[in-house]
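Chemist: Here's a sequence, model it:
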Amino acid sequence: MILPKKIKLSPFSHTFSNNNVVAVYDTMNHNVFYGDRELVSFLKRIKAQKKIDPKDLKHAKKLYEAGILVSEKFDPDEILNKVRKFVDKPHIDSLYVVTTDKCNYACKYCFIEGNMPSDHEFSMMTEDILKKGINLFVKCLSKDAEKTEVVFYGGEPLLNRKIIEIGNDLLDEKREIGRIKQLNKMIFTNGSLVTGEVADFFYKNNINVGFSLDGWKEINDKARVSISKKGTFDNTINGYKNLKLAGCNIGISCTVSFHNIDVLEKVMEYFATELEAKFVSLNPLFDTSHMKLSKKFLEHMADKIIKAYDISKKYGIYEDRVTKFIEPFVKGYIRVVDCAGCGRQIVLAPNGQIGPCHAFLGNKKFFCGSIYDKDFDPTKNATFQEWSTRSPFNMKECLNCSAISICGGGCPYNSLIRKKSIYEVDERICILAKKVLEKIIWEGFENVKRKNKSARTNKTSEDKLRHFRC
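Modeler: Modelled structure (predicted):
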């Protein structure tokens, strides 16, 4: 290999230190090189001289191949602009059908009802609105949408069970005539209305179930209460048992908040041993208009989620939140958004209004269209266009972040609540993603160290960089 006459450290490279070990990580290709303090000295020489000393040639070639060293003419904007093409306009492939905004629970942290005005009138979706909404969604589907996801949501969606049944049949018809290719159906429920009959319906129609539960009875009932302020665990767990008995594909959605954060590892143990869960998503608590979570709490929450993730690995549980950060690194791709609301999703409200994000059901902010608008096109709608470009690669504060390629930018809703703009950083996810990245890097070092034990033993004292790649 012939190196350029002048080289520099890639602007996408970041250095981490742990005791006497140094890791250099490139965010765009997920390459990691490990070494000792000599690696830092070597990189400093490159930065100062912008050319290669003959004694550094061997190491420079390896780092250049990995993209950590680049030509002095390297323009990072060329790379960034290529990535930005993936978030330049809406590519619709997901629909949220909000069967009702009414709920039979009154969870203390609910972000939907928490945003509702005092005079809000709850509504139930009608069959006519459902049909028009599905037809509009199919019309708006991106031509390259290979996989389509439809989620039944609420409130508690089973309060309007008829709409779920009708919607299921309509979607299957669209798939059978080729208007939808691969279809994934899902429902998010608190479980209280899941009878054996309902569970059998989900199973027979391949409807995946997102099931809300925050721990065992004592923990769950601290936050998840009924309208009458009574604990909900008993009704909820009965629904879970019905789903398990029917053979449904269930994922537990656990909100991480003040009521369970300090026992989160035990909660994951409970999910594994008592409920035999296979899929769990640990969802960090949102800010509210009257409560902003402190950075100290966010740091603590991130640490606890990572520890609970380690428990999930022990039991072979797929934990969704942390895995979303790890998969891009392992599989070598860039994660441009964290949320389907950023350009991929249409939310159909019970009254027929349309927006990009179900978190705003309470106040209808960003609900910018209607099923009665025959000319509605998300690719030409200003709100949907704005949301589609909401990516860390379009957010100035994120461009120099080591975790930019794995985090996706977090939640626009939380950014707006916390910092008044969807284009601000979601600190919950920012802090968690950075901690997960460091976890990946140092676990990678331990793996490499084990694999290269004999090779390291035979290295000469002159070969100080120990350029082991993860």
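Chemist: Regarding Lys374, what is its secondary structure?
Modeler: Per DSSP: H, G, I helix; E, B strand; the rest coil, the local secondary structure of Lys374 is coil.
Chemist: burial of it, as a residue count?
Modeler: Other residues lying near Lys374 total 9 when counted by other CB atoms under 10 Å. For every residue, glycine as well, the C-beta is placed using N, CA and C.
Chemist: Can we start the residue count at 38 from this point?
Modeler: Yep, numbering from 38; the last one is Lys411 now.
Chemist: Please report phi then psi for it.
Modeler: Its backbone dihedrals place Lys411 at phi -70, psi -20, with angles given as degrees, to the nearest 10.
Chemist: Near the closest residue to Val384 other than its chain neighbours, how many other residues are there?
Modeler: Taking CB to CB, 6 or more residues apart in numbering, and ignoring the residues beside it in sequence, Val384 has Tyr133 as its nearest neighbour in space, at 4.3 Å. When neighbours are defined as other CB under 10 Å, Tyr133 has 24 of them.
Chemist: Please apply the same query to the one 5 residues further on.
Modeler: Under the neighbour criterion other CB under 10 Å, Asp138 is assigned a count of 25.
Chemist: Which residue is the nearest non-sequential neighbour of it?
Modeler: Residue nearest to Asp138 in three dimensions, not counting chain neighbours: Gly192, with 4.8 Å by CB to CB, 6+ apart.
Chemist: my guess is the one you found meets Cys140, correct?
Modeler: Yes. The pair Gly192 / Cys140 is scored as a contact, 4.4 Å apart, by CB atoms under 8 Å.
Chemist: Pick out whichever of these two has more residues nearby.
Modeler: It is Gly192, of Gly192 and Cys140, that has more neighbours when counted by other CB under 10 Å, with 25 against 20.
Chemist: Name every strand pairing with the helix or strand containing Ile391 and say which way it goes.
Modeler: Element membership for Ile391, per DSSP states H and E: strand 390-392. Taking DSSP bridges as the criterion, strand 390-392 sits next to strand 382-385 (antiparallel), strand 406-407 (antiparallel) in its sheet.
Chemist: Burial-wise, tell me which of the ones you listed comes out on top.
Modeler: Across the strands paired with strand 390-392, averaging neighbours per residue (mean count of other CB atoms under 10 Å) puts strand 382-385 on top, at a mean of 26.
Chemist: Using CSV, list the CA coordinates for that one.
Modeler: Output in CSV follows, covering the C-alpha atoms of strand 382-385 (Å, rounded to 0.1, in the frame of the first residue of the first chain):
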residue,chain,number,x,y,z
GLN,A,382,-44.3,6.8,10.5
ILE,A,383,-47.9,8.0,10.2
VAL,A,384,-50.0,8.3,13.3
LEU,A,385,-53.7,8.0,12.9
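Chemist: What lies in contact with that strand?
Modeler: Residues outside strand 382-385 that contact it (CB atoms under 8 Å, 6 or more residues apart in numbering): 129, 131-135, 162, 166-167, 170, 173-174, 177, 376, 378, 391-395, 398, 404, 408, 415.
Chemist: Just the ones in helices from the residues you listed, please.
Modeler: Among these, the residues falling in helices (DSSP state H) are 166-167, 170, 173-174, 177.
Chemist: Output those residues in CSV; the columns should cover distance to Glu150.
Modeler: Output for those, formatted as CSV (distance: CB to CB, whole Å):
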residue, distance to Glu150
Ile166, 21
Leu167, 23
Gly170, 22
Leu173, 27
Phe174, 25
Cys177, 28
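Chemist: Adding neighbour count, write those residues out as TSV.
Modeler: Converted to TSV, these look like this (neighbours: other CB atoms under 10 Å):
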residue	neighbour count
Ile166	22
Leu167	23
Gly170	26
Leu173	23
Phe174	26
Cys177	21
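Chemist: from the residues you listed, which single one is nearest Tyr240?
Modeler: Taking CB to CB as the measure, Tyr240 lies nearest Leu167 of the ones in helices among the contacts of strand 382-385, at 22.3 Å.
Chemist: in terms of contact, does that closest one touch Lys199 like I think?
Modeler: No. Under the criterion of CB under 8 Å, Leu167 makes no contact with Lys199, lying 9.5 Å away.
Chemist: so where is this structure shaky, pLDDT-wise?
Modeler: Low-confidence regions of the chain, defined by pLDDT under 70, span residues 38, 87-88, 151, 491-507.
Chemist: most remote residue from it's center?
Modeler: When distances to the mean C-alpha position of the chain are computed (CA atoms, centre = their mean), the maximum falls on Pro91, with 45.6 Å.
Chemist: follow-up on the earlier one: narrow the contacts of strand 382-385 to those that are buried.
Modeler: Buried positions within those, assessed by neighbour count (16 or more other CB atoms under 10 Å), are 129, 131-135, 162, 166-167, 170, 173-174, 177, 376, 378, 391-395, 398, 404, 408, 415.
Chemist: Name all residues that make contact with the most centrally placed residue in the chain.
Modeler: Centre of the chain computed as the mean C-alpha position; nearest residue by CA atoms, centre = their mean is Asp375, 4.3 Å away. Counting by CB under 8 Å, 6+ apart, Asp375 touches 361, 444-448, 463, 466.
Chemist: residues near Asp156, how many?
Modeler: Around Asp156 there are 5 residues (other CB under 10 Å).
Chemist: how close does it sit to Phe148?
Modeler: 19 Å (CB to CB, to the nearest Å).
Chemist: Please apply the same query to Arg487.
Modeler: 44 Å.
Chemist: ok, now Ala470?
Modeler: Following CB to CB, the distance that separates Ala470 from Phe148 is 21 Å.
Chemist: Give me the more crowded residue out of these two.
Modeler: Ranked by neighbour count (other CB under 10 Å), Ala470 and Phe148 place Ala470 first, with 27 against 22.
Chemist: quick one: contacts for the residue nearest to the more buried one when sequence neighbours are not counted?
Modeler: Leaving aside its sequence neighbours, Ala470 sits nearest to Cys444 (CB to CB, 6+ apart; 3.5 Å). Going by CB under 8 Å, 6+ apart, Cys444 touches 362, 372, 375, 429, 438, 466-467, 470-471.
Chemist: which ones among those residues are found in helices?
Modeler: In this view, the contacts of Cys444 that belong to helices under DSSP H are 362, 466-467, 470-471.
Chemist: which among the residues you listed gets closest to Leu76?
Modeler: Closest approach to Leu76 among these (CB to CB): Lys471, at 21.4 Å.
Chemist: Count the residues that sit near the closest one.
Modeler: 17.
Chemist: Could you export stretch 154-174 as CSV, CA atoms only?
Modeler: Only the C-alpha atoms of stretch 154-174 are listed here, as CSV (Å, rounded to 0.1, in the frame of the first residue of the first chain):
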residue,chain,number,x,y,z
PRO,A,154,-55.9,19.9,28.3
SER,A,155,-58.4,19.8,31.2
ASP,A,156,-61.4,20.0,28.8
HIS,A,157,-60.2,17.1,26.6
GLU,A,158,-62.9,14.9,25.2
PHE,A,159,-61.9,11.3,24.8
SER,A,160,-62.9,9.6,21.6
MET,A,161,-63.2,6.2,19.9
MET,A,162,-62.1,5.5,16.3
THR,A,163,-64.9,4.6,14.0
GLU,A,164,-64.8,2.0,11.2
ASP,A,165,-65.1,4.7,8.6
ILE,A,166,-62.1,6.6,10.0
LEU,A,167,-60.1,3.4,10.2
LYS,A,168,-60.8,2.4,6.6
LYS,A,169,-59.9,5.9,5.3
GLY,A,170,-56.8,5.9,7.4
ILE,A,171,-55.5,2.6,6.2
ASN,A,172,-56.2,3.5,2.6
LEU,A,173,-54.3,6.8,3.0
PHE,A,174,-51.4,5.0,4.6
